[in-house]
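J.: Just need the structure, nothing else, for what follows:
(one chain, ligands or ions: 1)
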Amino acid sequence: MKARADFARVSGRLDLVAPAKLNLGLRVVGRRADGYHLIESLFVPLDLVDELRVEVTPADQPTVRLKSSVAADALGVPAALPPGAENLAQRAAEGFLRAAGLSWSVSLELLKRIPVAAGLGGGSSDAGAVLRALDALAPGALSRRRLAALGLSLGADVPFFLSPSPALVEGVGERVTPIGGLPPLCLVLANPGQGLSTARVFAAFSSHRDALTRAGSGSTLRSLSDWLAEDPGDSEGRARRLAELLENDLEEAARRLCPEIGQIQACLAEMGAQAVGMSGSGATSFGVFSTPSEAKSAIRNMTLRGDGWARLAGTSPAR
Ligand code: ATP
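T.: Prediction:
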């Protein structure tokens, strides 16, 4: 590990994107003694991104300032984001400076586009992007292991966002295994306009399930390899396999808290989605479409109530 004196005089600026994630299926396969649930899920980054500028200068005291604004094309983002240390981006920067013993002034500018409390990992992604930026500006100040531990202490999804590319995520989120060979997917994301707290959904899940483990360990990988091995010419078979992969154990609980999820999913299927799923703990559902024009036509024809929204997204890795 590099000594902190090596970075005492560093100044620099980095612009980067923080992609949303989609869960292609989520199985709850156990529970730790401390109450945290063990999951198995295929995480993929989307081309729906927050934009972040990170600027550092030497200072007498470590300080972090965050300025956030909402992108003009954002849907599902409230006008006011959590300020100061309530914001995961700020907490990530403060945690990094503390762990690395750096006396820097860090300025963060966040342009928010990822819908909030929507199961798309926006806050965790911002935190991951801040850690990536500071790690690039102070290479070696924290070892991979300490960076991963810091990420996990900020949130279960943050380890994935330290290197956001398609991955099988296990444990509470700390075991991240990159997966190659995933075909790009054309998606419609749709949300009833209601934020769902992950903690509430897990609580609703626990209160209704006595037997936690429905899936055998490795079931996500098996469904994925079955799906990838399927003859690409057979679209019906592909859709069937994809539906197996997209099974989300939290969906029942999320639907109980927010019945509109069921209506939105029925609407996506009616609009011709090959397969329909829910991301994370909801309330965002998604439909997989064959072409962008089919997806766009689905968005035009969907009936959404109140603050409900639908938007196009792709799984191509964010730059
Ligand atoms: P999870 O990662 O738990 O699945 P999510 O993706 O559903 O969460 P987020 O958009 O990360 O939801 O927001 C979850 C909570 O985190 C919200 O209540 C929000 O106020 C808070 N939060 C803190 N920092 C941020 C941030 N940078 N961007 C968005 N939300 C944030």
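J.: The closest residue to the ligand within the stretch 1-150 of the chain is in what secondary structure piece?
T.: Going by C-beta to the nearest ligand atom, the ligand is nearest to residue 123 of the stretch 1-150 of the chain, at 2.9 Å. Heads up, the C-betas are built off the backbone N, CA and C, glycines and all. Using DSSP states H and E, residue 123 sits in helix 122-137.
J.: and what of residue 68?
T.: strand 63-70.
J.: Can you spell out which helices and strands pack onto that strand?
T.: helix 88-100, strand 104-112 (3 or more C-beta pairs under 8 Å, 6 or more residues apart in numbering; DSSP states H and E).
J.: try 10 Å this time
T.: Packing partners of strand 63-70 (3 or more C-beta pairs under 10 Å, 6 or more residues apart in numbering; DSSP states H and E): strand 37-58, helix 88-100, strand 104-112, helix 122-137.
J.: Give me the angle between it and strand 104-112.
T.: Using axes from the mean of the first three to the mean of the last three C-alpha atoms, to 10 degrees, the direction of strand 63-70 lies 10 degrees away from that of strand 104-112.
J.: picking that back up, got a list of what the residue of the stretch 1-150 of the chain closest to the ligand touches?
T.: Shown in contact with residue 123 (C-beta atoms under 10 Å, 6 or more residues apart in numbering): 18, 50, 81-82, 86-89, 91-92, 112, 114, 116-117, 154-155, 157-158, 161.
J.: If we use 6 Å, what do you get?
T.: residue 88 (C-beta atoms under 6 Å, 6 or more residues apart in numbering).
J.: where do the helices sit along this structure?
T.: Taking DSSP state H as the criterion, the chain contains helices spanning 88-100, 122-137, 144-154, 158-161, 198-208, 219-229, 235-245, 251-257, 260-270, 292-301.
J.: right, and those helices - which one's nearest residue 187?
T.: Among the helices of the chain, helix 292-301 comes nearest to residue 187, with 7.0 Å by C-beta to C-beta.
J.: Kindly report the residues of the stretch 201-319 of the chain close to the ligand.
T.: 280, 281 (C-beta under 6 Å from any ligand atom).
J.: ugh, wrong one, I meant the stretch 1-150 of the chain
T.: Near the ligand, when you scan the stretch 1-150 of the chain using C-beta under 6 Å from any ligand atom, you find 81-82, 87-89, 116-124, 126.
J.: Residues in contact with stretch 61-76: which ones?
T.: 77, 81, 87, 89-90, 93-94, 97, 103, 105-113, 115, 118, 191, 309, 311.
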